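S.K.: Give me a 3D structure for the following:
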Amino acid sequence: MRMIRLLEPQMLDQVPQLLCEDGERTPEAHERPGSAVGVDRGVAVATSDGDLCDRTFQTPEEHERERRLRRRLSRRCRGSKNRAETRAALRALTGKVRARKG
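M.R.: Prediction:
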């Protein structure tokens, strides 16, 4: 089985998604019934043992800066140059964090 498709996430470039046949067959019965493996890329990984590994993408300093920028943005007058500059700073910070998520 071979599949290639391009995903278009919001505000990012296209991301290729590949699926290839590896020659392995899926077993008829799960080796450990009642357990599961799930991967949510960029957020958390759950193992068959039930462990949950969370990933952090934003440092505490970045979180604080984002909070301050959002507060500052809410106080700016719509259409003003200061509001545009604050939006640009917030967009740049958010872009860095999103880029780390992949």
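
S.K.: Quick check: longest helix in the protein by residues?
M.R.: helix 81-101 (DSSP state H).

S.K.: Report the mean confidence score over that helix.
M.R.: In this model, helix 81-101 has a mean pLDDT of 92.

S.K.: same check, this time on stretch 31-38
M.R.: 65.

S.K.: Then stretch 62-70?
M.R.: 95.

S.K.: buried ones in stretch 80-100?
M.R.: Residues 83, 86, 89, 90, 93 are the ones in stretch 80-100 that count as buried (16 or more other CB atoms under 10 Å). For glycine as for every other residue, the C-beta is placed from the backbone atoms N, C-alpha and C.

S.K.: isn't the first one right up against residue 72?
M.R.: No: under the criterion of CB atoms under 8 Å, residue 83 lies out of contact with residue 72, with a separation of 9.1 Å.

S.K.: Now for the buried residues of stretch 80-100: which two are most distant?
M.R.: With distances taken as CB to CB, the most widely separated pair in the buried residues of stretch 80-100 is 83 and 93, at 15.8 Å.

S.K.: Can you tell me which helices and strands the helix or strand where residue 63 lies packs against?
M.R.: According to DSSP states H and E, residue 63 maps onto helix 60-75. Applying 3 or more CB pairs under 8 Å, 6 or more residues apart in numbering; DSSP states H and E, one finds that helix 60-75 makes contact with helix 81-101.
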